[in-house]
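> pasted the sequence and its predicted model underneath.
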Amino acid sequence: MPLPAFDTPLIFAMGQEGRANRYLPRGPQLDTLLPAETLRDDLPLPDNSELDVVRHFTRLSQKTFGIDTAFYPLGSCTMKYNPRINDAMANVPALRDAHPFAPDAAAQGPLAVMWELERALASLFGMAAFSLNPAAGAHAELAALLIAKAYFKKIGQPQRNVVIVPDTAHGTNPASAAMVGFKVVSLKSDAQGRVDPDEMRKVAGPDTAVCMMTNPNTLGLFESRIHEVADVVHEAGGLMYYDGANANALMGNTRPGDMGFDLMHLNLHKTFTIPHGGGGAGAGPVGVAAHLIPFLPTPVVRAFDAEGTAVDASGWRDSGEFTFALDFDRPDSIGPMRSFWSNFAHMVRALAYTYANGGEGLTNVSKLAVLNANYIRVNITDVVDIPYPEINRHEFVASAQSLKRETGVRALDIGKALLDRGYHAPTVYFPLIVPECLMIEPTETESKETLDAFIAAFREIVATARANPEAVLATPINTAVGRIDETRAARQPDLRWHP
Ligand SMILES: Cc1ncc(COP(=O)(O)O)c(C=O)c1O
């Protein structure tokens, strides 16, 4: 049964004095359990009954939209199913209860997990080594650019202070570059939505430090001339950085390392099915080519054979043969990006996903992700503009520009109307180079029935827009919250509860 809008007051506005259940009344019994100084009467906590509290939070949870609720085609975010086996493995007591201060000898299991995941990612993406230390994609971008900066300082080229970023890039790319003190130069894509090596040649030079690229790019298009682009940047003395946010499109089928990238990140909450943390704990491994290994964040997990000789980290190896240690003594390292073992449970989840699928399974993941995206594109191509009408990868962009001209209904309105029909909205107005952009990424975990239902809903919304645009402009009407002033909400957020 749909919940009426705005029916849930804040918990602070609910309750009556004396209503809270107290299983242990104040007195000697409670005092033996909790030291008196931890019991405070001055906190303005609401006096609610247990039943009301349970109902309150259950109703709130029903208003939350997540991947477990319904289809979530949020482009560039890879909102795919998080298999429950991942959580079961993260909950294995030996891994769950391991203390991050445990000496290496007592932490061989967790260190083996980290080492195996690093090795698996390195062989899947063609990198010499990975560090699991950063806590998100953007955090890993920051780590990679710090690595680049340290590298150029080390080789005596600190004047390299420019980062080249194509105009299709995610906003975190220029932001990360600016945070590390680099100057950002934007590169215009060509008419086919790709980076042109000749344009790159005009901007790459003695001040180039890094070129940051997403491949497939945020238009869902594979950068088919990536080798030429990488050659231009390398000839100029710069490094190539791969933004792995779209790795779900190529995992197991082609590797950034083979395309000429020297640095990369992955978002484990995308391709490797750990939960999207909603701003909470995430994981963004950073990968490097061999010449950049000394600069990786500390600590680095190292493996030793039975004779105590350090094992070369390249290539896949079964961790069963080795003992492991954390190496903090790395003079060229950029230092830790995160304390302790970073978000270790996510590493367990990602490794569980990797093993559950195996090499062939992971290869099929990206094939199906690409198939699903193209299936939707082909089935809405006659009702909405498709600015780049070709086989795309795991996501594609549509444009509501013609629809807006004819009916006044914009990309934003299509997104709102989809909410009313039980779908999460696609990403809208990104990438910036496509007007009235809708970026749709279905992922491989959706069934054909779900894709067909989404296509039908999308087509019905466009048909409604043509017949009766007001009906679309009035949406959403079935959600807990209707249209809000989004600009004001972003610029003047008021998050305080006013009694
Ligand atoms: C292309 C691209 N790069 C980088 C990021 C940043 O990743 P994170 O959200 O893990 O910080 C995203 C996130 O959506 C992205 O889509």
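Sure thing, it's come through.
> make it CA atoms for all contacts and neighbour counts henceforth
OK.
> what does the chain put close to the ligand?
Ser76, Cys77, Ala136, Gly137, Ala138, His170, Thr172, Asp243, Ala245, Asn267 (C-alpha under 6 Å from any ligand atom).
> Ser189: what secondary structure?
Assigned with DSSP: H, G, I helix; E, B strand; the rest coil, Ser189 falls in the coil class.
> buried only: go through the residues of the chain next to the ligand for me.
Buried members of the residues of the chain next to the ligand, counted by 16 or more other C-alpha atoms under 10 Å: Ser76, Cys77, Ala136, Gly137, Ala138, His170, Asp243, Ala245, Asn267.
> would you list these in a markdown table and tack on distance to Gly282, secondary structure and pLDDT?
Output for these, formatted as a markdown table (distance: C-alpha to C-alpha, whole Å; DSSP: H, G, I helix; E, B strand; the rest coil; pLDDT from 0 to 100):
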| residue | distance to Gly282 | secondary structure | pLDDT |
| --- | --- | --- | --- |
| Ser76 | 16 | coil | 93 |
| Cys77 | 13 | coil | 93 |
| Ala136 | 5 | coil | 93 |
| Gly137 | 8 | helix | 94 |
| Ala138 | 10 | helix | 95 |
| His170 | 18 | coil | 92 |
| Asp243 | 16 | strand | 97 |
| Ala245 | 13 | coil | 96 |
| Asn267 | 8 | coil | 96 |
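> which among those gets closest to Asp231?
Asp243 (17.8 Å; C-alpha to C-alpha).
> so who does the residue nearest to that closest one when sequence neighbours are not counted touch?
Spatially, and ignoring its direct neighbours in sequence, Asp243 is nearest to Thr214 (4.7 Å; C-alpha to C-alpha, 6 or more residues apart in numbering). Under the criterion of C-alpha atoms under 8 Å, 6 or more residues apart in numbering, the neighbours of Thr214 are Ala169, Tyr242, Asp243, Gly244, Ala245, Asn246.
> can you get me a residue count around Phe261?
When neighbours are counted by other C-alpha atoms under 10 Å, Phe261 registers 27.
> pretty sure it sits against Met240.
Yes - contact criterion C-alpha atoms under 8 Å: Phe261 and Met240 qualify, at 4.7 Å.
> which neighbours do these two share?
Ala230.
> of all the contacts of Thr214, which comes closest to Ala490?
Nearest to Ala490 among those, with distances taken as C-alpha to C-alpha, is Ala169, at 22.2 Å.
> list the residues that contact that closest one.
Ala169 touches Met213, Thr214, Asn217, Thr218, Pro431, counting by C-alpha under 8 Å, 6+ apart.
> among those, which are in strands?
Met213, Thr214 (DSSP state E).
> tell me the buried residues within the contacts of Ala169.
The neighbour-count test (16+ other C-alpha under 10 Å) marks Met213, Thr214, Asn217, Thr218, Pro431 as buried among the contacts of Ala169.
> I'd like the residues you listed as a markdown table, with distance to Leu111 and pLDDT appended.
Compiled in a markdown table, the buried ones among the contacts of Ala169 are given as follows (distance: C-alpha to C-alpha, whole Å; pLDDT from 0 to 100):
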| residue | distance to Leu111 | pLDDT |
| --- | --- | --- |
| Met213 | 31 | 97 |
| Thr214 | 30 | 96 |
| Asn217 | 34 | 94 |
| Thr218 | 35 | 91 |
| Pro431 | 39 | 90 |
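> show me which residues of stretch 167-176 are buried.
Quick answer for stretch 167-176 (16+ other C-alpha under 10 Å): Asp167, Thr168, Ala169, His170, Asn173, Pro174, Ala175, Ser176.
> that should have said stretch 75-90, apologies.
Gly75, Ser76, Cys77, Thr78, Met79, Lys80, Tyr81, Asn82, Asn86, Asp87, Met89, Ala90.
> tell me which of the residues you listed is nearest to Ala456?
Nearest to Ala456 among the buried residues of stretch 75-90, with distances taken as C-alpha to C-alpha, is Gly75, at 18.8 Å.
> isn't the closest one right up against His394?
No - with contact defined as C-alpha under 8 Å, Gly75 does not count as touching His394 (9.1 Å).
> what does the pLDDT read for the closest residue to Val348 other than its chain neighbours?
The shortest distance from Val348 to any residue other than its chain neighbours is 5.5 Å, reached at Ala90 (C-alpha to C-alpha, 6+ apart). If you check Ala90, the pLDDT there is 96.
> likewise for Asp327?
pLDDT at Asp327 comes out at 96.
> hmm, it is touching Val300, no?
Yes - Asp327 lies in contact with Val300 (C-alpha under 8 Å); the separation is 5.1 Å.
> who's more crowded, the two?
Neighbours per residue (other C-alpha under 10 Å) separate Asp327 from Val300, with Val300 holding more: 24 against 11.
> residue contacts, the more buried one?
Per C-alpha under 8 Å, 6+ apart, neighbours of Val300: Ser131, Leu326, Asp327, Phe328.
> what number of residues lie near Val365?
23.
> and it, helix, strand or coil?
What three-state DSSP gives for Val365 is helix.
> how close does it get to Leu250?
Distance, Val365 to Leu250, using C-alpha to C-alpha, to the nearest Å: 9 Å.
> domains for this protein, by residue range?
Per the record, the chain has its domains at 11-62, 84-354, 364-491, by automatic domain parsing.
> what is the mean pLDDT for the first one?
For domain 11-62, the mean per-residue pLDDT is 82.
> what do you get for stretch 96-111?
95.
> output that stretch as CSV, nothing but the C-alphas.
Provided in CSV are the C-alpha atoms of stretch 96-111 (Å, rounded to 0.1, in the frame of the first residue of the first chain):
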residue,chain,number,x,y,z
ARG,A,96,34.9,-9.8,10.7
ASP,A,97,36.5,-9.8,14.1
ALA,A,98,40.1,-9.3,13.0
HIS,A,99,41.6,-6.4,14.8
PRO,A,100,43.4,-3.9,12.6
PHE,A,101,46.2,-3.6,15.2
ALA,A,102,46.8,-7.3,15.2
PRO,A,103,50.4,-8.2,14.5
ASP,A,104,51.0,-9.6,11.0
ALA,A,105,51.5,-13.1,12.4
ALA,A,106,47.9,-13.0,13.8
ALA,A,107,46.4,-11.4,10.7
GLN,A,108,47.5,-13.8,7.9
GLY,A,109,44.0,-14.4,6.8
PRO,A,110,43.0,-10.7,6.3
LEU,A,111,46.4,-10.0,4.7
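> which of the residues in it are buried?
So, applying 16+ other C-alpha under 10 Å, buried residues of stretch 96-111: Ala107, Gln108, Gly109, Pro110, Leu111.
> now render those as a markdown table, adding secondary structure and distance to His56.
Below are the buried residues of stretch 96-111 laid out as a markdown table (DSSP: H, G, I helix; E, B strand; the rest coil; distance: C-alpha to C-alpha, whole Å):
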| residue | secondary structure | distance to His56 |
| --- | --- | --- |
| Ala107 | coil | 41 |
| Gln108 | helix | 43 |
| Gly109 | helix | 41 |
| Pro110 | helix | 38 |
| Leu111 | helix | 41 |
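> any chance of those in TSV, plus distance to Arg40?
Listed next are the buried residues of stretch 96-111 as TSV, based on distance: C-alpha to C-alpha, whole Å:
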residue	distance to Arg40
Ala107	39
Gln108	43
Gly109	42
Pro110	40
Leu111	42
